[in-house]
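Enquirer: sharing a model that was predicted from the sequence below.
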Amino acid sequence: MTVATFISIGECMAELQLARDGLYSLGFGGDTLNTAWYMRALTDSGATAVEYFTAVGSDQLSKNLLGFLKENGLGTRFIAENPDLNLGLYLITLAGTERSFTYWRSASAARLLAEDERHLRSALSQADTIYFSGITLAILSPSHRRTFLTVLREMKSLGVTIVFDSNARRKLWPTQAAMKKAVIAGYRVATRAMPTFDDDSTLFGDADPAACARRIAGLGVSEVVVKNGSEPCTILAKGELSTVESHPVSGIVDTTGAGDSFNAGYMAARMAGKLPGEAAAFAHRVAARVICGRGALLDMAKFSDLRVR
């Protein structure tokens, strides 16, 4: 059996969230790691290799992260180590089922993940599917961002599937204009886009998800899936628009990771040969299960019945 390689690129951080009695539990998370986690949960390791590409420090949290990834079947062979920097940290605060984040990431080693262009190109040349986000772009310096996008453009020209979620976070950018320019550049190197409507409509003024999808397709993206919370997602593929209803859910606990897990479900299904509409329906089911648990990364065993074949 031929093994397909999926590489998710971005920043993983230590995650603090309130557990009980005023104490906090420590885990790991970050948008692209969340997606890689659910890709691993939803796919057979004999058919899909799931690799995480980032940079870490030499601190104990970085070492713990590498052990955590390996223990859960996520590849670490492309992760570089920078002895002068550390792993980033974020705190989740919940108000009902909605979450907000506080970050400590200025000394995050992941900011240098595109520093070594040769290493970046060598790693990504081994991928069948590459996934990155607007946060991946935001943490990079302008020069490293240019390097990163250049290598992705090369991979796209070689037929690699490049998937981008704009995941626009204004606080990570010096100006709104800088964020907008980078997001557009991200779309231009992508073959598939998976934005959230609220993010892109705020940034670009799209009237509705269909307008959002058309704008992105106009940048050269061949397949666009616009997520819209509990509303239907909108798909534009092969020039045709369609919508797919979300999966019914009750007992929502925490919406952390909903969009990231949707992305994983969609990509896993597409890699298995499912059509876009089928893949979106499957992705909705995955996200519906994720929001009924607490935290970004739920036990992979909870998704054994959803594993794509």
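Expert: Yep, it's here.
Enquirer: close enough to count as contact, Glu15 and Ile92?
Expert: Yes - Glu15 is within contact range of Ile92, at 6.6 Å (criterion: CB atoms under 8 Å). (Each C-beta comes from the backbone N, C-alpha and C, glycine too.)
Enquirer: partner strands of the helix or strand of the chain with the lowest mean pLDDT, parallel or antiparallel?
Expert: Lowest mean confidence among the helices and strands of the chain (mean pLDDT, DSSP states H and E): strand 98-104, at a mean of 78. Using DSSP bridges, strand 98-104 pairs in its sheet with strand 88-95 (antiparallel).
Enquirer: export the strand it pairs with to CSV, keeping only CA atoms.
Expert: Taking C-alpha atoms only, strand 88-95 is exported to CSV below (Å, rounded to 0.1, in the frame of the first residue of the first chain):
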residue,chain,number,x,y,z
GLY,A,88,5.1,29.3,23.4
LEU,A,89,2.3,29.3,25.9
TYR,A,90,-1.4,30.2,25.8
LEU,A,91,-4.3,30.3,28.3
ILE,A,92,-7.9,29.4,27.4
THR,A,93,-10.6,31.3,29.2
LEU,A,94,-14.2,30.1,28.7
ALA,A,95,-17.3,32.2,28.8
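Enquirer: one step back: who has more neighbours out of Glu15 and Ile92?
Expert: Between Glu15 and Ile92, counted using other CB atoms under 10 Å, Glu15 has the larger neighbour count: 24 against 20.
Enquirer: which neighbours do Glu15 and Ile92 share?
Expert: Gly295 (CB atoms under 8 Å, 6 or more residues apart in numbering).
Enquirer: distance between stretch 289-300 and the chain's centre?
Expert: Relative to its parent chain, stretch 289-300 has a centroid offset of 15 Å by CA atoms, centre = their mean, to the nearest Å.
Enquirer: next one: stretch 7-15
Expert: For stretch 7-15, the distance to the chain centre is 9 Å (CA atoms, centre = their mean).
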